[in-house]
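*Asks:* A predicted structure for the sequence below; I have some questions about it.
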Amino acid sequence: MIEVQDLTKQYAGRTAVDHISFKVEPGEIVGFLGPNGAGKSTTMRMLSGYMPPSSGRASVNGHDVFQASMEVRRSVGYMPEMAPLYTDMRVKEYLRFRAELKGLSGKTLRQRVGDVMDQCAITDVRRRLIGNLSKGYRQRVALADALVHQPPLLILDEPTNGLDPVQIRHVRELLKNLGPKHTILLSTHILQEVEAICDRVIMIHQGKIRAMDTPDNLTRKLRAASIVQLELQGKGDFVTLLEALPGVRKATEEGGQDGWILFSLRVEARHDAREAIMDLCLREKWKIRELHWQLPSLEDVFVELATTESAKA
Amino acid sequence: MRIFWVLFKKELRAFFVSPVAYIVLALVMVLSGFSFRAALSVLESAPSEGSIVTWTFHAMWFWLSYFFIFPLLTMRLFAEEKKMGTLETLFTAPVHAWQVVWSKYLAAVFVYCVLWIPSYLNFRFVDWITVSQVEVPVGALKGSYLILLAMGLFNLAIGCFASSLTSNQIIAAVISFTLSLLHFLAGLFIMVVGRRVSETFVDIINYFASMEHIRIFTSGLIDTRPLVYYTSFALLFIALTHQVVEFRRWRP
């Protein structure tokens, strides 16, 4: 559905997107993940035909984004960041206008506008001025606009930005339920979102792709440290003994109560240190009441990726 | 073409939903009322060479309001969309830049034409009230509105262009006001100074002097040269606007 090769975009000497290549298969939901200013929006703008790439090529549905911009725009439902809308129009009126622009008319237009308003739960505000709506409603009006012409590809730039938790869940369900007819490329910097709905993640940082895999594989593969938490009671030099264990990078005391001391240990990636810890406790006759291995979340992976990169730079 | 109409309707709607059109309409109505009154008082005092039409369009009141119309009508067109980011949603829908530019421009032209309806009604009323005592020459009337339309096309195109340059409406208004006024004043001042320099100079200046055009057309003389001049420059500025709007699509 999307094919991107060596795509580059330069703004006034700054490289926003730096030779990225990736592919998105039909029916996939792909998450574009990265900190602010990573080049997510720029890439999406190029893919939606808004601006041409500086070099490299990208095609959507077999059409080049620059050469065949009109075909690309017809097959893409694009929702820009911040959901810009005409604030002096009413919701239904705006959607009718957008649907007409996208070539719908007559009965199909009426039906589609009604359908997307239901889908995005904005039917109850259809007669209100967009300017008077809350951020959450505006965001959903913009989403309805992206959906209205039933495009095979949806490009959504931070679709859940500014929504409350209930609305976020609603939008995620909506996207998941759009089904195999739609391919979705969405950007976000919220990691749970990617974990919740995406089949694949593309991590982008400083204009380059850092990682591309399923959310599960990504957490497993990337070298993020996991954390073991334990709470114990006893005598001895806890920190030195714990840090002497194989695979334990750092032990920190995190306070405690009623004579119990809470430790958190940073452990090498994919290294299960729990048995060794247990053995140590038995040997030293420490009492133990909690031993818990926290798997690294995508968030840890992400933070590690972003911070190590910026440390290098 | 269908897309063009959809956009045109939306632009027109934007004019009449916001207070802009009404404010400009009120401004033009009041000031054209004043200029009409001024013209009547000229005719009241003594017999005159010019008709009521000539005097109306020569009144200071008329020129006072005239140059405020264009920035007010056009400053919003592109600047607002740029500021709000809606240009991005607009250009990711399957629309061509020319459809956007022409729909905005022609909507402004349409509103501009509506503005002159009250002043036209003034002429009808005087005919009715005075039971045709005051002569309203039909040719002069046609000429006047024709040159008003031509000058409008020209100045609105300038305004469109100014609006496309910036995302700030105030800046757009200032640019369009300055350009329109400079054009007018160049024609006016050089005409005054030029008479002392050389006659050919004046002839050249008269090609683009709005005052001169108004003078000719309000006396009922329809000269095609100013018409060609204004419309061709309007086209030039629309083409420039188109280029500015398409700028983002240029490969760097």
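*Replies:* Arrived safely, thanks for sending.

*Asks:* just the closest residue of the stretch 51-200 of chain A to chain B, please.
*Replies:* A:P84 (3.3 Å; C-beta to the nearest C-beta). Quick note: C-beta positions are derived from backbone N, CA and C, even for glycine.

*Asks:* which strand or helix spans that residue?
*Replies:* Using DSSP states H and E, A:P84 sits in no helix or strand.

*Asks:* any idea how far B:L73 is from it?
*Replies:* Separation of A:P84 from B:L73 (C-beta to C-beta, to the nearest Å): 23 Å.

*Asks:* do A:E275 as well
*Replies:* In terms of C-beta to C-beta, A:E275 sits 79 Å off from B:L73.

*Asks:* report how many residues lie close to whatever residue of the stretch 51-200 of chain B ends up closest to chain A.
*Replies:* Closest approach between the stretch 51-200 of chain B and chain A, counting by C-beta to the nearest C-beta: B:G85, at 3.3 Å. Neighbouring residues of B:G85 were enumerated by other C-beta atoms under 10 Å in any protein chain shown; the total is 16.

*Asks:* what do you get for the one 4 residues further on?
*Replies:* Neighbour count for B:T89, taken as other C-beta under 10 Å: 24.

*Asks:* isn't it up against A:E81?
*Replies:* No - taking C-beta atoms under 8 Å as the definition, B:T89 is not a contact partner of A:E81, at 11.1 Å.

*Asks:* before we move on, what SS does B:C160 have?
*Replies:* helix (DSSP: H, G, I helix; E, B strand; the rest coil).

*Asks:* tell me the SS of A:H292?
*Replies:* Classified using three-state DSSP, A:H292 is strand.

*Asks:* poorly predicted segments of the stretch 101-250 of chain A, please.
*Replies:* Applying pLDDT under 70 to the stretch 101-250 of chain A picks out residues A:219-225.

*Asks:* any idea how far A:R14 is from chain B?
*Replies:* 12 Å (C-beta to the nearest C-beta, to the nearest Å).

*Asks:* who's in contact with that residue?
*Replies:* Not one residue lies near A:R14 by C-beta atoms under 8 Å, 6 or more residues apart in numbering or on different chains.

*Asks:* just grab the bridge partners of it for me.
*Replies:* A:Y11 (DSSP bridges).

*Asks:* for it, give its distance to B:V101.
*Replies:* Using C-beta to C-beta, which is the criterion applied here, A:R14 is 30 Å from B:V101.

*Asks:* which residues are in contact with the residue nearest to the residue of the stretch 51-200 of chain A closest to chain B when sequence neighbours are not counted?
*Replies:* The shortest distance from A:P84 to any residue other than its chain neighbours is 3.3 Å, reached at B:G85 (C-beta to C-beta, 6 or more residues apart in numbering or on different chains). For B:G85, the contacting residues are A:80, A:82, A:84, by C-beta under 8 Å, 6+ apart.

*Asks:* pLDDT check: weakest of these?
*Replies:* Ranked by pLDDT, the contacts of B:G85 bottom out at A:M82 (84).

*Asks:* are we agreed that it is in a strand?
*Replies:* No - under three-state DSSP, A:M82 sits outside any strand and is assigned coil.

*Asks:* out of A:P84 and B:L73, name the residue with the larger neighbour count.
*Replies:* Neighbour count, other C-beta under 10 Å: between A:P84 and B:L73, B:L73 has more, with 26 against 19.

*Asks:* shouldn't that one be in contact with B:L156?
*Replies:* Yes - the pair B:L73 / B:L156 is scored as a contact, 6.6 Å apart, by C-beta under 8 Å.

*Asks:* common neighbours of those two, please.
*Replies:* Residues touching both B:L73 and B:L156 (C-beta under 8 Å, 6+ apart) are B:108, B:112.

*Asks:* residue boundaries of the helices in chain B?
*Replies:* Using DSSP state H, the helices found in chain B span residues B:2-17, B:20-45, B:52-56, B:60-74, B:76-84, B:86-90, B:97-115, B:117-129, B:138-165, B:169-197, B:199-206, B:210-218, B:224-246.

*Asks:* residues in contact with the nearest residue to A:L147 once chain neighbours are set aside?
*Replies:* Nearest non-adjacent residue to A:L147, counting by C-beta to C-beta, 6+ apart: A:V116, 4.9 Å away. Residues counted as contacts of A:V116 (C-beta under 8 Å, 6+ apart) are A:95, A:144-145, A:147-148.

*Asks:* what sits against B:T92?
*Replies:* Counting by C-beta under 8 Å, 6+ apart, B:T92 makes contact with A:48-50, A:73, A:76, A:78, A:80.

*Asks:* can you check B:A107 too?
*Replies:* Here B:A107 is in contact with B:8, B:11-12, B:14-15 (C-beta under 8 Å, 6+ apart).

*Asks:* can you pull the pLDDT of it?
*Replies:* 95.

*Asks:* from B:A21, how far out is it?
*Replies:* 10 Å.

*Asks:* try B:F233
*Replies:* 25 Å.

*Asks:* interface residues of the stretch 51-200 of chain A facing chain B?
*Replies:* With C-beta under 8 Å from any C-beta of the partner chain as the criterion, the stretch 51-200 of chain A meets chain B at residues A:51-52, A:54, A:66, A:69-70, A:73-74, A:76, A:78, A:80, A:82, A:84-88, A:97-98, A:100-103, A:142, A:145.

*Asks:* just the buried subset of these, please.
*Replies:* A:51-52, A:54, A:66, A:69, A:73-74, A:76, A:78, A:80, A:82, A:84-86, A:97-98, A:100-102, A:142, A:145 (16 or more other C-beta atoms under 10 Å in any protein chain shown).

*Asks:* now the residue nearest the centre of chain A: closest residue in space, sequence neighbours ignored.
*Replies:* Residue closest to the average C-alpha location in chain A (C-alpha atoms, centre = their mean): A:T188, at 3.7 Å. Leaving aside its chain neighbours, A:T188 sits nearest to A:E158 (5.8 Å; criterion: C-beta to C-beta, 6+ apart).
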